[in-house]
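> Sharing a sequence plus its predicted fold:
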Amino acid sequence: MARVESNMLPLDTTAPPFNLLNTVNGKMQSLDELKSDTATVIMFICNHCPFVKHVDQELIRLAEDYQPIGISFIAISSNDVENFPDDSPENMKKTAEKLGYPFPYLYDETQEAAKAYDAACTPDFFVFNGNLKSVYRGQLDDSRPGNDKPVTGDSIRAVLEAILNNEPIPQEQKPSLGCNIKWKK
């Protein structure tokens, strides 16, 4: 498992548009359909990565805590499914249903969305304000598999609370760390 850090998309970047397959409902869905006028969290994840498995339950808690107050959550998997069949759309649907993901789990077959967001690893997190300008990119929190720190989602929670309370976004933004996105050859 390659340990890769986020590329840290420049702040104030406009969220690149996409139209991707929602593996749970079988429909194509766009950023415009799924975004929020308050904030939108875009997460590049996948099924097989131990870093994602380590935080899966917190991703669900985060969405359950913040979706009711107007924040959108969108998960995208961009991995090469030919070489990593665990990440196929069929298996994405199974994972989303088994875990009870309360957010759409989209399949980026062409990998264009991952490239547009400069995503590098799973998990990789991006938070956009109501105008779809990036205000945060990086880690969920300081927990990693094996480091004995609790999974709390503190880094993302601090950003979302700042947005909700019209306060400055935390300036310290640490890169995420995870498995590299499995790029097609």
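That came through, no problem.
> Surely Leu62 and Ile156 touch.
Yes - contact between Leu62 and Ile156 holds when scored by CB atoms under 8 Å: they sit 6.3 Å apart. Quick note: C-beta positions are derived from backbone N, CA and C, even for glycine.
> any residues in contact with both of the two?
Residues touching both Leu62 and Ile156 (CB atoms under 8 Å, 6 or more residues apart in numbering) are Val41.
> Which positions within the helix or strand bottoming out on mean pLDDT in the chain qualify as buried?
When each helix and strand of the chain is scored by mean pLDDT, DSSP states H and E, strand 3-5 comes last, with a mean of 74. Within strand 3-5, the residues scored as buried using 16 or more other CB atoms under 10 Å are Val4, Glu5.
> Which secondary structure state does the spatially most central residue of the chain sit in?
The residue at the geometric middle of the chain, judged as the C-alpha nearest the mean C-alpha position with CA atoms, centre = their mean, is Met43 (0.5 Å). Following DSSP: H, G, I helix; E, B strand; the rest coil, the label given to Met43 is strand.
> can I assume it is in contact with Ser78?
No - counting by CB under 8 Å, Met43 does not reach Ser78; the two are 11.4 Å apart.
> tally of neighbours for the residue nearest to Leu99 when sequence neighbours are not counted?
Closest residue to Leu99 apart from its sequence neighbours, by CB to CB, 6 or more residues apart in numbering: Asp56 at 5.8 Å. For Asp56, the number of neighbouring residues by other CB atoms under 10 Å comes to 16.
> So Asp56 belongs to a helix, correct?
Yes - the assignment for Asp56 is a helix, going by three-state DSSP.
> now the strands for this structure?
Residue ranges of the strands in the chain, as given by DSSP state E, are 3-5, 19-22, 28-30, 39-44, 71-77, 105-107, 121-122, 124-129, 134-138, 177-180.
> Let me have the ones you listed in JSON lines, extended by distance to Ser88.
Conversion of the strands of the chain to JSON lines gives the following (distance: least, CB to CB, whole Å):
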{"stretch": "strand 3-5", "distance to Ser88": "22"}
{"stretch": "strand 19-22", "distance to Ser88": "11"}
{"stretch": "strand 28-30", "distance to Ser88": "17"}
{"stretch": "strand 39-44", "distance to Ser88": "16"}
{"stretch": "strand 71-77", "distance to Ser88": "9"}
{"stretch": "strand 105-107", "distance to Ser88": "8"}
{"stretch": "strand 121-122", "distance to Ser88": "15"}
{"stretch": "strand 124-129", "distance to Ser88": "20"}
{"stretch": "strand 134-138", "distance to Ser88": "27"}
{"stretch": "strand 177-180", "distance to Ser88": "16"}
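> Leu11 is nearest to which of those strands?
Smallest distance to Leu11 across those (CB to CB): 5.5 Å, for strand 134-138.
> tilt between the closest one and strand 39-44?
When axes from the mean of the first three to the mean of the last three CA atoms, to 10 degrees is applied, the directions of strand 134-138 and strand 39-44 differ by 30 degrees.
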